[in-house]
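**Q** Here is my input; please provide its structure:
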Amino acid sequence: MTAYVLLTLNSPGDCRIGSQPLPIEAGISVAAIPEIDGQVASGSTILEANSDRLSGWRISWEGADVAGQTTCMRLFDNSYLLDLDLTLKTNLAPRSIGWPITGGMTGIDVLTSQYRLEALRGKQTVDRWTPLVLRGRYSGGHVQMVSVQHPVLTHVEAVPGGCRAVLYVDHQASHPRFSFRTDYSRNWKSQYQYAAGQRLAVSLVLQISDMIVPIIVAGRYPRRYRAAMTITDHADHDTLAKWSALLCGHSENGNRPAQYREGFAGLGLRFTKSVYPHTPGSRIASIQWPEFKQLCHFAADTGIEICPHGVDSATQPTPGEMANVLAPFAEFRPRTWIDHGFSLSSNYTLQGWSPDSEYELLSHLDRLGIRYVWSFLDFGQVPPRGRLNQFAMQRFSGVNYLLDLPSLFARAMKARNPLPFLHGWSVLLFQLVPDASMSEFFALQRQAQAVLRRGGYRAIPALARTLLRVVGKSLRPSEIACTLRQIMGCRDEYRAVPLLYPEHHSAACGGTPRWLFSTVGVHDVVNGFAPHCIDELIDEYGLHIAHTYMSAVSRTHLGHAVEPHGSGEWQLTPGFAQNLRYIAERFRAGDLLFAPLAELGDQMAFQRQLKIVPVAVNRWRVTLPTDGQHQGHPQIIVYDAKGNVIVNDRQADTSPFGQQARLIDLSDGRQESFVELCPAGSGE
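**A** As a prediction, the model looks like this:
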């Protein structure tokens, strides 16, 4: 099958259409027809090929399953805008649809997840929250490729004589096709079927020059924020007194919450708090408790998101009862949904996702305006070595969890409580156990808990049998390879599931577009959210979405958020109170975006839609999305700019970003802005 080439670049200024692939040493080759699952689209033929030396090139093509157009438009001098636009002709369930580009470059740099230009070594994956920037030397000059918007996913690989990049318009690792029809532990491997007529597109800018050209890309966060963090706190241990302490520092302050300057509300820290709709016969609070609901209204007035935690704490309501159970949340206008477990049929990851189930949640989510749903996946049970950044998942490794054990042992000895150290071992085992043994591992955890309870010695034989099964499965040759990977890096499934991604079933059914989000379990909120952890998150331009139980005081964990103080009263622990004050300080300084999950998701999705295209030498056009759904505060980052940065004919106020870049806030209300670089001493 012919791999048609849209554009071949053999030397600066020499571009042409070709119908045969060229060796990588020949220069840069951009494919005219995409690859589906790694192969050129089946049955592809060229319908039309037009070339104009002054304006550009266009190829129209059609395959058995897809048809589209690939274009190359000359912007100015040796700068080109490349576009791939395709439409699916049939229902299709691809693992990937990619656009290959090869280049005979040397000294190749690529933009990392920390937004740093670093040398390309081996293979690198650029996620949906990072633009593609590829820069190298070639034919005595410099060449760079920059995506107009953040691609769905990009794989870049160093090969003999240069590199190969694939920009994906669709990829399974960028948004798992959660069908929820199979064993949940393998949902990330399930397929999503695109409907016929679906349109997909991707664009990038190619520039060639005799010197390094400055680069402008969309940032990840709004304004001048250098990291983002949110807490999604679960309702499982809520009481009125603990909730008051979290909001105002001490439960006594809940009587006059607006007068205090401690806790989340007092410090102006907004997050996402899930609340049970109903807790019959339980001491756990619910939205049905008048005083608790009143305190939730106070929290909502300060900007804290109050959202449902499933439909009940323990008992499944009938389908006819679900609307009434969730009705009280309409007052809070939630945009996030959280549930977990396997006991309630209406949980989203069981039957709630399906419009065909009597326990479907979709109509209820639409009625409440909910757009974000927890994927029921934690990236690890604790952050390893205090590393919060979820864009650096390779740190969630067996080695790092092993290095955490000495400090856990020391803290457990100081507290005269062995359980936190045993929990550390459990976390390490969870990291190392292959996926094939996970069901036995969870059974092992339950049996270990039974043994630790008084009189639990009868569970020891079952514990021993389960342990032998886990060890036996883990010693299979195929599973040993998996364990070795997980010693040095994160679990295999963590590589496959992103942090925040579109949920396709709602779109496939013609329903409301929704996003799924994944979290990190943080039980030790004193060490886990310590100031040095926050500083590192900001230094790395990182993202952290925490899954917490801040009202819990389990002896299995150290570093609680609240502690008893007096008869029936609760207060923030000193360590956690200090952490909150530091987070508030970095938030007020404009360094850390701390916001509810839905607001964070909206802002990041807005940033992904920014379009940045050069229109002349040292001049770019920045276009905001036109859907009108989100009022964002666009952030751009400029690399290798010398002299002044001019935005809409006025000198911009820039902030240093690393060693080679500057960060700019474009919040001026314009749909379209122009950014210009003026060399120092130019008189501008």
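**Q** So the residue nearest the centre of the chain versus residue 419, what's the distance?
**A** Most central in the chain under C-alpha atoms, centre = their mean is residue 499, positioned 2.8 Å from the mean C-alpha point. Distance, residue 499 to residue 419, using C-beta to C-beta, to the nearest Å: 30 Å. In this view, the C-beta of every residue, glycine as well, is placed from N, C-alpha and C.
**Q** cool, and residue 401?
**A** Counting by C-beta to C-beta, the separation of residue 401 from residue 419 is 17 Å.
**Q** Find me the pLDDT at the residue nearest to residue 126 when sequence neighbours are not counted, would you?
**A** Sequence neighbours aside, residue 154 is the residue nearest to residue 126 in space, at 4.1 Å (criterion: C-beta to C-beta, 6 or more residues apart in numbering). Residue 154 is assigned 89 on the pLDDT scale.
**Q** what pairs with whichever strand or helix holds residue 154, and is each one parallel or antiparallel?
**A** Assessed by DSSP states H and E, residue 154 sits inside strand 153-159. Paired neighbours of strand 153-159 in the sheet (DSSP bridges): strand 123-126 (antiparallel), strand 162-171 (antiparallel).
**Q** List of residues touching that strand?
**A** Outside strand 153-159, the residues that touch it by C-beta atoms under 8 Å, 6 or more residues apart in numbering are 24, 98, 102, 108, 110, 120-128, 132, 134, 147, 163-168, 171, 173-174.
**Q** and the residues you listed, which are buried?
**A** 24, 98, 102, 108, 110, 120, 124-128, 132, 134, 147, 163-168, 171, 173-174 (16 or more other C-beta atoms under 10 Å).
**Q** residue contacts, residue 648?
**A** 668, 670, 673-674.
**Q** one more time with 10 Å, if that's ok
**A** Residues in contact with residue 648 (C-beta atoms under 10 Å, 6 or more residues apart in numbering) are 622, 666, 668, 670, 672-676.
**Q** Backbone dihedrals for it, please?
**A** The phi/psi pair for residue 648 (degrees, to the nearest 10) reads phi 50, psi 50.
**Q** What distance do you get for it to residue 155?
**A** For residue 648, the distance to residue 155 (C-beta to C-beta) stands at 36 Å.
**Q** Could you check the pLDDT of residue 566?
**A** pLDDT, residue 566: 83.
**Q** give me phi/psi at residue 475?
**A** Torsion angles, degrees, to the nearest 10, at residue 475: phi -90, psi 0.
**Q** Measure how buried it is and give me the count.
**A** 11 (other C-beta atoms under 10 Å).
**Q** The one 3 residues further on too?
**A** Applying other C-beta under 10 Å, we find 8 residues neighbouring residue 478.
**Q** Just the residues contacting the helix or strand harbouring it, thanks.
**A** For residue 478, the host element (DSSP H and E) is helix 477-488. For helix 477-488, the external contacting residues (C-beta under 10 Å, 6+ apart) are 394, 396-402, 430-437, 472-476, 491-492, 494-495.
**Q** Mark which of those residues are buried, thanks.
**A** 396-398, 400-402, 430-435, 437, 473-474, 491, 494.
**Q** Skipping its backbone neighbours, what lies nearest residue 283 in space?
**A** That would be residue 239: by C-beta to C-beta, 6+ apart, it lies 7.0 Å from residue 283.
**Q** still on that earlier bit, please flag which of the buried ones among the contacts of helix 477-488 sit within helices.
**A** Taking DSSP state H as the definition of helices, the buried ones among the contacts of helix 477-488 contribute 398, 400-402, 430-432, 473-474, 494.
**Q** Could I get the contacting residues of residue 163?
**A** Residue 163 is in contact with 24, 28, 101-106, 108, 110, 120, 124, 134, 136, 156-157, counting by C-beta under 10 Å, 6+ apart.
**Q** separation between it and residue 156?
**A** Counting by C-beta to C-beta, the gap from residue 163 to residue 156 is 6 Å.
**Q** Repeat that for residue 340.
**A** As defined by C-beta to C-beta, residue 340 lies at a distance of 36 Å from residue 156.
**Q** Give me the more crowded residue out of these two.
**A** Taking residue 340 and residue 156 together and counting by other C-beta under 10 Å, residue 156 has the greater number of neighbours (23 against 19).
**Q** ok, back up a step: biggest separation within the ones in helices among the buried ones among the contacts of helix 477-488, which pair?
**A** Across these, no pair lies farther apart than 400 and 473, at 24.1 Å, counting by C-beta to C-beta.
**Q** can you map out the strands along the stretch 201-350 of the chain?
**A** Using DSSP state E, counting those that start in this stretch, the strands of the stretch 201-350 of the chain run over residues 215-218, 227-233, 272-275, 305-308, 336-337.
**Q** Let's have these in CSV, adding mean pLDDT, distance to residue 92 and mean neighbour count.
**A** As requested, those are exported to CSV (pLDDT from 0 to 100; distance: least, C-beta to C-beta, whole Å; neighbours: other C-beta atoms under 10 Å):
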stretch, mean pLDDT, distance to residue 92, mean neighbour count
strand 215-218, 96, 29, 23
strand 227-233, 98, 34, 25
strand 272-275, 98, 35, 27
strand 305-308, 98, 35, 24
strand 336-337, 98, 29, 26
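**Q** got those strands as a markdown table, with distance to residue 424 columns?
**A** Below are those laid out as a markdown table (distance: least, C-beta to C-beta, whole Å):
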| stretch | distance to residue 424 |
| --- | --- |
| strand 215-218 | 40 |
| strand 227-233 | 22 |
| strand 272-275 | 27 |
| strand 305-308 | 31 |
| strand 336-337 | 30 |
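**Q** Those strands: which one's closest to residue 582?
**A** Set against residue 582 and scored by C-beta to C-beta, the strands of the stretch 201-350 of the chain come closest in strand 227-233, at 11.8 Å.
**Q** Check the offset of that closest one from the chain's centre.
**A** Relative to the centre of its chain, strand 227-233 is centred 12 Å away, using C-alpha atoms, centre = their mean, to the nearest Å.
**Q** And the pLDDT at residue 653?
**A** We have a pLDDT of 90 for residue 653.
**Q** same question, residue 138
**A** Reading off the confidence values, residue 138 has pLDDT 78.
**Q** Residue 17 now?
**A** 43.
**Q** just the one 3 residues further on next, same as before
**A** Per-residue confidence for residue 20 comes out at a pLDDT of 41.
**Q** ditto for residue 186
**A** What the model reports for residue 186 is a pLDDT of 44.
**Q** And for residue 114?
**A** Taking residue 114 on its own, its pLDDT is 92.
**Q** Name the helix or strand of this structure that has the lowest mean pLDDT.
**A** strand 14-18 (a mean of 43; mean pLDDT, DSSP states H and E).
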